[in-house]
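**Q** Sequence and predicted structure are below.
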Amino acid sequence: MSKRKNETIEYGPLGPGHAPEKDPMKGLRGVMAGTMMMEAISFYLVLTVILRVDGGAYWTTFNWVYVTAVATVMLLLSFVQGKKWAIPADIGIQVSALLGVFVHVSMGIMAIIFIAVWWYLLYLRRNLIERMKRGLLTTQHM
């Protein structure tokens, strides 16, 4: 057992093991990149909604520029999930997407759905990191 900041890490029955043979975080980053790409595509499709709903009443310069900017940032973020600053940027863009409820309610609803997806991905990431610390991954004992 190891002490770190007044907390003890309880290892699995095989001990702490070594670094995993294959980086499990790489796979999770791939899922995060794919999720961000799907989110970008979904938010580009919001443009058709604000153009068509109520005869284009919501199609203002600010609205379409805002939706396009948010979706483009999402698209670009999907390529940089390996960077240290990617997760704070992912959370920040979710906040920006949620603020899109002022552009059109459909953007806010979609943002809430993707916020739930990102919450789950971050939960999985935290769980994976904890399992790696405790030596509970199979590839740590091969």
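**A** That came in fine, so what should we check first?
**Q** So G82 lies in a helix, does it not?
**A** No. Remark: G82 does not belong to a helix; assigned using DSSP: H, G, I helix; E, B strand; the rest coil, it is coil.
**Q** My guess is it contacts G30. True?
**A** No. Between G82 and G30 no contact is recorded; they are 9.7 Å apart, counting by C-beta atoms under 8 Å. C-betas here are computed from N, CA, C, even on glycine.
**Q** Leaving out chain neighbours, which residue sits closest to the spatially most central residue of the chain?
**A** Central residue check for the chain by C-alpha atoms, centre = their mean: the C-alpha nearest the mean position is that of W118, 4.3 Å away. Of all residues not flanking W118 in the chain, Q94 sits nearest, at 5.9 Å (C-beta to C-beta, 6 or more residues apart in numbering).
**Q** Wait, a helix at that neighbour?
**A** Yes. With three-state DSSP as the criterion, Q94 is part of a helix.
**Q** Restrict stretch 119-128 to CA atoms and write it as CSV.
**A** Only the C-alpha atoms of stretch 119-128 are listed here, as CSV (Å, rounded to 0.1, in the frame of the first residue of the first chain):
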residue,chain,number,x,y,z
TRP,A,119,-20.5,13.6,-18.1
TYR,A,120,-20.6,9.8,-18.7
LEU,A,121,-17.3,9.9,-20.7
LEU,A,122,-15.6,11.8,-17.9
TYR,A,123,-17.0,9.4,-15.4
LEU,A,124,-15.5,6.5,-17.4
ARG,A,125,-12.2,8.3,-17.6
ARG,A,126,-12.1,8.9,-13.9
ASN,A,127,-13.0,5.2,-13.3
LEU,A,128,-10.3,4.0,-15.7
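**Q** Now do that stretch, average pLDDT.
**A** In this model, stretch 119-128 has an average pLDDT of 93.
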